[in-house]
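[1] coords please:
(one chain, ligands or ions: 1)
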Amino acid sequence: MLPTSINVIVRDWLNANHILFLGPEENVLVDAGYVTHADTTIRLVRERLGDRPLHRLVNTHCHSDHMGGNAAVQRAFGCPIWIPEGEAPLIETWDTRALWIDYAGQRAERFRFDAIVRPGDTLAMGGYDWKSIAAPGHDMGALMFWNEPERILVSGDALWQRGFGIVLPGEGWRERLAAARSTLETIRSLGPRIVIPGHGAPFTEIDASIDFCLGRITAFEADETKLARYILKVMLSFALMDVGSLEAATLADYLATIPLYREYDRTWFHLGYEELARQLFDDLARSGAIVKRDGRIFPAAA
Ligand SMILES: [Zn+2]
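    As a prediction, the model looks like this:
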């Protein structure tokens, strides 16, 4: 379904997929994964690259699961890093709140970028030309990459087979959800034959995926508090995948140390950390996202 020059390295949920384009003139990697898994990322890329050089690393957007390993990949392969124009101010100042790093209990290694990619730019990757398209919503500066002749879209977190990257509540939340909606409409109007997502395997049933996501957006638009609760569950699941496990009795203390939980409880829930911890634990255990063993909480994937 994909040209042989496009190698999709599908990862788990802490890491975004890596897409390695091996072209006649340039080898390009899209997205570098999470910082603590960078050794695996480098090994997977090196296996496919062989003796060839890596000419650049490009990010679809700058969240920790896509750029946390940028610095390590750059050290390993000596390649320049290109990031979306909209992310440049956040990376320059290393804005750990806007990048959802310390703010959300995530980690990433600081890096410097060498060039920016603007919406409308054309990138040569794997012997094909890719048009960069703005994909705001989950991340207002995100980009997608579109090859018209092959009708292939690299969607980042704008569209997965069953879902899309979370959109935060709070100031501007309606605009962010509207942007996510319009990005999905953009994808529909492109009419891709195949989507290479930031998470999960490439897929072809694109209309069904878009319809599913639009339904989620409609549900979130109706209830900001519901959206806020969903975000806390996603962020806690993600952080658990990062740390591996957490002593159940310390969950409330953990929540108290992370600004996101403090802020959301103050704004929407007014439960206090003990009760917030109890409810988040119950919700995640019920949905099967976490399990408790010997007094410790593990992500179900572990
Ligand atoms: Zn992601």
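[2] show me the contacts for residue 117.
    Listed by Cβ atoms under 8 Å, 6 or more residues apart in numbering, the contact partners of residue 117 are 58, 82-85, 123, 132, 143. Every C-beta, even on glycine, is put in place using the N, C-alpha and C of the backbone.
[3] Check the secondary structure at the closest residue to residue 134 other than its chain neighbours for me.
    Of all residues not flanking residue 134 in the chain, residue 119 sits nearest, at 4.0 Å (Cβ to Cβ, 6 or more residues apart in numbering). Secondary structure for residue 119, judged by DSSP: H, G, I helix; E, B strand; the rest coil, is coil.
[4] count of neighbours near residue 119?
    Neighbours of residue 119 under the rule other Cβ atoms under 10 Å: 16.
[5] now residue 240
    Neighbour count of residue 240, defined by other Cβ under 10 Å: 24.
[6] Point out the residues in the stretch 201-302 of the chain that sit beside the ion.
    On the criterion Cβ under 5 Å from the ion, the ion has no neighbours in the stretch 201-302 of the chain.
[7] what pLDDT does the nearest residue to residue 249 once chain neighbours are set aside get?
    Excluding the flanking residues, the one nearest residue 249 by Cβ to Cβ, 6+ apart is residue 295, at 6.9 Å. Confidence at residue 295, expressed as pLDDT, is 96.
[8] residues contacting residue 295?
    247-249.
[9] mind listing what the residue nearest to residue 134 touches?
    Residue 119 is in contact with 85, 132-134, 143, counting by Cβ under 8 Å, 6+ apart.
[10] In space, what's closest to residue 251 - neighbours in sequence excluded?
    Nearest to residue 251 is residue 277, by Cβ to Cβ, 6+ apart, at 4.2 Å.
[11] and the host helix or strand of the one you found, what other elements does it pack with?
    In this assignment (DSSP states H and E), residue 277 forms part of helix 273-286. Other elements packing on helix 273-286 under the criterion 3 or more Cβ pairs under 8 Å, 6 or more residues apart in numbering; DSSP states H and E are helix 224-243, helix 251-257, strand 290-293.
[12] Out of these, which one sits most buried?
    Of all those, helix 224-243 carries the top mean neighbour count, a mean of 19, counting by mean count of other Cβ atoms under 10 Å.
[13] so how far is that one off the chain centroid?
    Offset of helix 224-243 from its chain centre (Cα atoms, centre = their mean, to the nearest Å): 14 Å.
[14] which residues touch the helix or strand just after that helix?
    Later in the chain than helix 224-243, the nearest helix or strand by DSSP H and E is strand 246-247. With contact meaning Cβ under 8 Å, 6+ apart, strand 246-247 is reached by 240, 254, 295-297.
[15] Direction included, what does strand 246-247 pair up with?
    Here the strand partners of strand 246-247, with direction, are listed using DSSP bridges: strand 296-299 (antiparallel).
[16] ok, residues contacting the strand it pairs with?
    237, 240-241, 244-248, 251, 281, 289-292.
[17] could these go into a markdown table alongside distance to residue 76 and pLDDT?
    Compiled in a markdown table, the contacts of strand 296-299 are given as follows (distance: Cβ to Cβ, whole Å; pLDDT from 0 to 100):
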| residue | distance to residue 76 | pLDDT |
| --- | --- | --- |
| 237 | 29 | 95 |
| 240 | 28 | 95 |
| 241 | 23 | 94 |
| 244 | 24 | 94 |
| 245 | 29 | 96 |
| 246 | 31 | 97 |
| 247 | 35 | 97 |
| 248 | 38 | 96 |
| 251 | 36 | 98 |
| 281 | 38 | 97 |
| 289 | 33 | 95 |
| 290 | 33 | 96 |
| 291 | 35 | 96 |
| 292 | 38 | 96 |
